[in-house]
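# Quick one: sequence and predicted model below, then my questions.
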Amino acid sequence: MLIEYAIASFFASAAFGIIYQAPRNTIIKCGLVGMIGWVIYISLVWAEVDSVPATLIASFVIAIVSQMLARIYKTPMIIFSVPGIIPLVPGSLAYDAMRSFVQNDYSAAISIAAKAFMISGAIAFGLVFSEVLNQIMKKMRQTKTQLR
Amino acid sequence: MERTEDLIELCLLMGKIMQQNGAETYRVEDTMTRIAQSFGRDEAQSYVTPTGILFTISPGAPAKLVRVSARETNLEKVKLANNVSRKITNGDMSTHVAYKELRKIETSPTDYTMLMQIIAATLASGFFTLMFQGSWYDFLPACIAGGLGFIALMNFIRLFEIKFVAEFVASLLIGFTAFSLFLLGIGKEVDKVVVGSIMPLVPGLLITNAVRDLMAGHLISGLAKGAEAFLTAFAIGAGIAVMFALF
């Protein structure tokens, strides 16, 4: 059920906000950012999109929402994006890879580890991509005002 | 005119606080040079790595170094430091006041009590188990194992100087708790319980920051963070692996 996942990811992200000691008045927003990301990710996976592009899109959206919140509340963006991306982090894949290593199933372990690496790359790429977009937009606005 | 030494000290302290509490490398460098610029020092240079910060304010002036020995994630302090830097660059705060303010931020106690963090880690473990398609039967054992693991990590980090040993012992405890509860008939899928309860220890932020620093051209920072993340992941994996071998 999507609702169940949404609630679980909300509380998981908010709890991570507390573990990472985000300011008190941002905890609920951290949870919401995490929930948005996870709902997008899980809907894409259910629509049979591969998990790497799904992660990329979800982390891109998380970064955009975090940037908007950061601009509204005049705080650094990482306060929202860090707890928000936590649900996407391939913890279960890393665990599966480790378990396969221990059970001497090296070929499975390497392929799962590669997948985990791809997913963390996708998270980082989504964040960087939205930042680049943000900077381009800033520059365009500057040149527009200069032209006037 | 501000004294050069005061300005250098201010920039270094700002960089140190931001780097210690989990700000991105480029943001630390950016903030330091921007503070210097707001006092008319356009040639300031900073070099930030996860373990130390080098800063020089103008070609003739001496370069100063600050060592960053411990890193944690404290977003509240990043936010407070950011507020101070905003005020300085807007010209609303003198270096003297800003320095005092930063000292206060550096030594201020954390906003959340230990108990609240433990409760948060407990709940996070349970909900992560649900997110990884675990059933509600696995919620309770994941909470117990994750909470115990987090308590162990917090205490062992103080006990052992080396962080990775603390992580190894904490994940041993998580594995032991999860497997024992499973043998007692609490929980349906032991895999999901373990995955959920190791999540508070998993270096997710470090891995992502490492790749991000690499992409932004901070190659040394990226590799260093990647190495730290790898060692942490290895410590956690090894702890769980021992329990797999035993049970």
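Okay, I see it. Everything quoted here is computed from the prediction, not taken from an experiment.
# quick one: the helices in chain A?
All helices of chain A, identified by DSSP state H, fall at A:2-19, A:27-46, A:51-73, A:78-85, A:91-102, A:106-147.
# Repeat that for chain B.
Under DSSP H, chain B gives helices at B:4-20, B:25-38, B:75-90, B:95-107, B:114-131, B:139-159, B:163-183, B:190-198, B:204-215, B:219-246.
# is the second one anywhere near chain A?
In this case it means helix B:25-38. Yes - contact of helix B:25-38 with chain A is found when judged by CB under 8 Å from any CB of the partner chain, involving B:Arg27. Every residue, glycine included, has its C-beta placed from N, CA and C.
# What average pLDDT does that helix get?
Helix B:25-38 shows a mean pLDDT of 88.
# Equivalent analysis for the first one, please.
When pLDDT is averaged along helix B:4-20, the result is 89.
# burial count for the residue lying closest to B:Met93 once chain neighbours are set aside?
Distances taken as CB to CB, 6 or more residues apart in numbering or on different chains put B:Lys87 closest to B:Met93, at 4.1 Å, once the chain neighbours are dropped. Residues lying near B:Lys87 (other CB atoms under 10 Å in any protein chain shown) number 15.
# same check, this time on A:Leu93
Counted with other CB under 10 Å, A:Leu93 comes out at 20.
# Please give me every residue in contact with it.
A:Ile112, A:Ala113, A:Lys115, A:Ala116, A:Ile119 (CB atoms under 8 Å, 6 or more residues apart in numbering or on different chains).
# again, only this time at 6 Å
Going by CB atoms under 6 Å, 6 or more residues apart in numbering or on different chains, A:Leu93 touches A:Ile112, A:Lys115, A:Ala116.
# could you dump those residues to JSON lines with distance to A:Gln21 and pLDDT?
Compiled in JSON lines, these are given as follows (distance: CB to CB, whole Å; pLDDT from 0 to 100):
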{"residue": "A:Ile112", "distance to A:Gln21": "32", "pLDDT": "92"}
{"residue": "A:Lys115", "distance to A:Gln21": "31", "pLDDT": "92"}
{"residue": "A:Ala116", "distance to A:Gln21": "27", "pLDDT": "87"}
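# so which of those also contact chain B?
For chain B, no contacts are drawn from the contacts of A:Leu93 by CB under 6 Å from any CB of the partner chain.
# ok, of those, which one's closest to chain B?
The closest of the contacts of A:Leu93 to chain B turns out to be A:Ala116 (CB to the nearest CB; 8.8 Å).
# how many other residues sit next to the closest one?
22.
# I'd like the distance between A:Val39 and A:Ala124.
According to CB to CB, to the nearest Å, A:Val39 and A:Ala124 sit 21 Å apart.
# Surely B:Ala192 touches B:Phe139?
Quick fix: residue B:192 is Lys, not Ala. No - taking contacts as CB atoms under 6 Å, B:Lys192 lies outside contact range of B:Phe139: 9.9 Å.
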